[in-house]
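1. predicted model follows, preceded by the sequence.
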Amino acid sequence: MDTMDIASLSMGLSQSRTMGQVGTLMLAKSLDTQKDLAMGEVGMIEQAPAPSRPAMERSVNPSVGGNVDLYL
């Protein structure tokens, strides 16, 4: 094995490891952003006036949507 092969292999492995770390950090940032957006939506729903909130006790037909049919 030539020393140039060892050097290029080392550089390739280092670049691969760095790209893996960058990908992991980007995924973590994306998850944090999605969590923040979801928390904002939950906050908006909680602040909505009472008549616009769906409530099962005000449902005309409370049995609708209570079951899910699954076929395999």
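-> Here it is on my side, so go on.

2. and the helices in the protein, which stretches?
-> Counting by DSSP state H, the chain has helices at residues 3-47.

3. in it, where is pLDDT below threshold?
-> Along the chain, the parts satisfying pLDDT under 70 run over 1-3, 49-63, 65-67.

4. and Asp32, how many neighbours?
-> 10 (other CB atoms under 10 Å). From N, CA and C alone the C-beta is placed, and that goes for glycine too.

5. how close does it get to Leu72?
-> As judged by CB to CB, to the nearest Å, Asp32 and Leu72 stand 37 Å apart.

6. please apply the same query to Ser8.
-> Counting by CB to CB, the gap from Ser8 to Leu72 is 52 Å.

7. between these two, which is the more surrounded one?
-> Ser8 (11 against 2).

8. count of neighbours near Ser10?
-> Neighbours around Ser10, by other CB under 10 Å: 10.

9. gap between it and Ala48?
-> 58 Å.

10. spatially central residue in this protein, please.
-> Leu31 (5.1 Å; CA atoms, centre = their mean).

11. how near is it to Thr24?
-> For Leu31 relative to Thr24 (CB to CB), the value is 11 Å.

12. now Ser10
-> Applying CB to CB, the value for Ser10 to Thr24 is 21 Å.

13. again, but for Gln15
-> To Thr24, Gln15 is 15 Å away according to CB to CB.

14. next up, the contacts around Met4.
-> Applying CB atoms under 8 Å, 6 or more residues apart in numbering, one finds that Met4 lies in contact with no residue.

15. Thr18: how many residues sit nearby?
-> With other CB under 10 Å as criterion, Thr18 counts 10.

16. cool, the one 3 residues further on as well?
-> The tally of other residues near Gln21 (other CB under 10 Å) stands at 10.

17. also Ala28?
-> By other CB under 10 Å, 10 other residues sit near Ala28.

18. equivalent analysis for the one 10 residues further on, please.
-> Residues contacting Ala38 under the criterion other CB under 10 Å number 10.
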